[in-house]
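Asker: Quick one, fold the following:
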Amino acid sequence: MFYLKSRPIPRSSWTQAVVQTVNAEEQALRSLLIQNIVAAVVIGSLLILVDRLTIGQDQEKLAQSANTDNLSGLLNRQMFTAIFEKYTRAGSGSHPNLANALMEIDDFKRLNDTYGHAAGDAVIRAVAATIKGSMREGDPVFRWGEKSFWCSCQQRTLITPEFVWKRCVGVYAIWRLN
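Answerer: Here you go, the predicted model:
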């Protein structure tokens, strides 16, 4: 291997050219430099990939934690605002396209006082699962308060608030029988 250096000679049309051979020591250093650059690029790329995957998973967990109620697994009131705004914008025409129902567990305080908070938590989880299971895919169900649940149905067909209410009351009756 060799180096070729050239430069113009001032005040003439001549160019000076110098050929210099590379000794073994320079060749070894050059090879080591290239190996280190390749290793740094590979390791850096792997670190960035691992970082992106880890951060992505953490962000998903954080978003889910911020948007759902830990006890019931339902959406929380903070998500209600975003979803309700989306639905009301979609239905800003001549008639609304959203039917809603608000439900509450009767005598929940007495249940907690009599059987303990673990039993109350079990009831919250069971009622939440039953309500969520009775709704259509994509229709949001929220834990509204300590013992309250809010259901929303987008009216893609002729769904009325009465239909949603009857469906939820029917769910409550079925759950109560069980």
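Asker: switch to C-alpha atoms for all contacts and neighbour counts from now on
Answerer: Fine.
Asker: low pLDDT regions in the chain?
Answerer: Scanning the chain with the threshold set as pLDDT under 70 gives 90-97, 155-178.
Asker: what about the strands in it?
Answerer: Listed in chain order, the strands found in the chain under DSSP state E are 2-8, 15-21, 98-104, 141-143, 148-154.
Asker: Give me the angle between the first one and strand 15-21.
Answerer: Regarding strand 2-8 and strand 15-21, their directions subtend 160 degrees when assessed with axes from the mean of the first three to the mean of the last three C-alpha atoms, to 10 degrees.
Asker: Now do the same contact list for the closest residue to M79 other than its chain neighbours.
Answerer: Closest residue in space to M79, ignoring its immediate chain neighbours: N67 at 5.6 Å, by C-alpha to C-alpha, 6 or more residues apart in numbering. Neighbour list for N67: L75, N76, Q78, M79 [criterion: C-alpha atoms under 8 Å, 6 or more residues apart in numbering].
Asker: Switch those residues over to TSV; also include neighbour count.
Answerer: Below are those laid out as TSV (neighbours: other C-alpha atoms under 10 Å):
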residue	neighbour count
L75	22
N76	22
Q78	14
M79	14
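Asker: These into a markdown table, with extra columns for distance to I55?
Answerer: Shown next, in a markdown table, are those (distance: C-alpha to C-alpha, whole Å):
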| residue | distance to I55 |
| --- | --- |
| L75 | 23 |
| N76 | 24 |
| Q78 | 23 |
| M79 | 22 |
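Asker: And those residues, which two are furthest apart?
Answerer: L75 and Q78 (8.1 Å; C-alpha to C-alpha).
Asker: State the distance from the residue positioned nearest the centre of the chain to L53.
Answerer: Nearest to the mean C-alpha position of the chain, by C-alpha atoms, centre = their mean, lies E60 at 3.8 Å. Distance of E60 to L53, given as C-alpha to C-alpha, to the nearest Å: 11 Å.
Asker: circling back to that earlier point, nearest to G44, of the contacts of N67?
Answerer: Nearest member of these to G44, counting by C-alpha to C-alpha, is M79, at 37.8 Å.
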